[in-house]
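> sequence first, predicted coordinates after that:
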Amino acid sequence: DELVPCFLFRPPVEVPGVAGASVLVVHGGPESMATRLFNPVVQALALCGFAVLVPNVRGSTGYGKRWYSLDDVELRLDSVADLAALHDWLPGLGLDPERSALWGGSYGGYMVLAGTTMQPGRWAAGVDIVGISSLVTFLENTSGYRRAYREREYGSLERDRELLERASPITYLDQLRAPLFVIHGANDPRVPLSEAEQITAALAARGIPHELKVYADEGHGLAKRVNRLDAYPAAVEFLLRHLGRG
């Protein structure tokens, strides 16, 4: 068994209708690390009444080479399983497992899509920011330099295609039922806009509530303050609508 490091930020006051709801914020990378630095998204979610969990799932840095390597290639779905383990922990924290959402950007966006498609009974909503919906189409359409770099982490299109398909959220779309809020930059050189378009097209076809915000002047993430002020409050409001009571 493994222990997943996780920060927990509880709301400073109980907000009627929101108390007991939670949001799991997954960092990107995956070779990155969540720390106790100021994060305006985490603080905004907590101030709105959500309990916010910020984990360092398998593949995160900061916990030694073994932890850093525990999601490589054929171990990819072990990091997704960490999401389920964190969800199982919610009742012990006094939180409602029926009202928990995922939030993440880039690889964290992949984790949002993986959790909501592969663990459909656990997550009530998701916010996907420049996330990967298919590891296959991501590797096919990303910039050439990025493909060579990422195949070492995710697997090779030539040798590991079956594995890449098995680890892709889009493979499990028939299981998806959670509402999704999707944010993407039109000029993203790392995760092409097509990754967002194909997941939202599938949501529309199945009648699942969703919103897609595409920013014509952004790349991989939201660099401009005006766009962040447009996207993030709307995403928080989306979660309040789907996780709140009354």
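Thanks, I have it.
> separation between residue 104 and residue 123?
In this view, residue 104 and residue 123 are 12 Å apart by CB to CB, to the nearest Å. Using the backbone N, CA and C atoms, a C-beta is placed for each residue, glycine as well.
> ah, wrong one, I meant residue 160
Counting by CB to CB, the gap from residue 160 to residue 123 is 27 Å.
> ok, those two, which is more surrounded?
residue 123 (26 against 20; other CB atoms under 10 Å).
> who are the neighbours in contact with the more buried one?
The contact partners of residue 123, by CB atoms under 8 Å, 6 or more residues apart in numbering, come to 87, 100, 101, 102, 115, 116, 178.
> can you check residue 58 too?
Taking CB under 8 Å, 6+ apart, we find residue 58 in contact with 2, 4, 67, 70, 71, 75, 78, 79, 82.
> in helices only, show me those residues.
67, 78, 79, 82 (DSSP state H).
> farthest pair within the contacts of residue 58?
Spatially, the most separated pair among those is 4 and 75, at 14.4 Å (CB to CB).
> isn't residue 136 up against residue 164?
Yes - look at residue 136 against residue 164 with CB atoms under 8 Å: they come within range, at 5.0 Å.
> which helix or strand lies directly C-terminal to the lowest-mean-pLDDT helix or strand in the chain?
For the chain, counting by mean pLDDT, DSSP states H and E, helix 144-154 ranks last in confidence among helices and strands (a mean of 82). Where DSSP states H and E defines the elements, the next helix or strand beyond helix 144-154 is helix 161-166.
> now do that next one, average pLDDT.
Over the span of helix 161-166, the pLDDT mean works out to 93.
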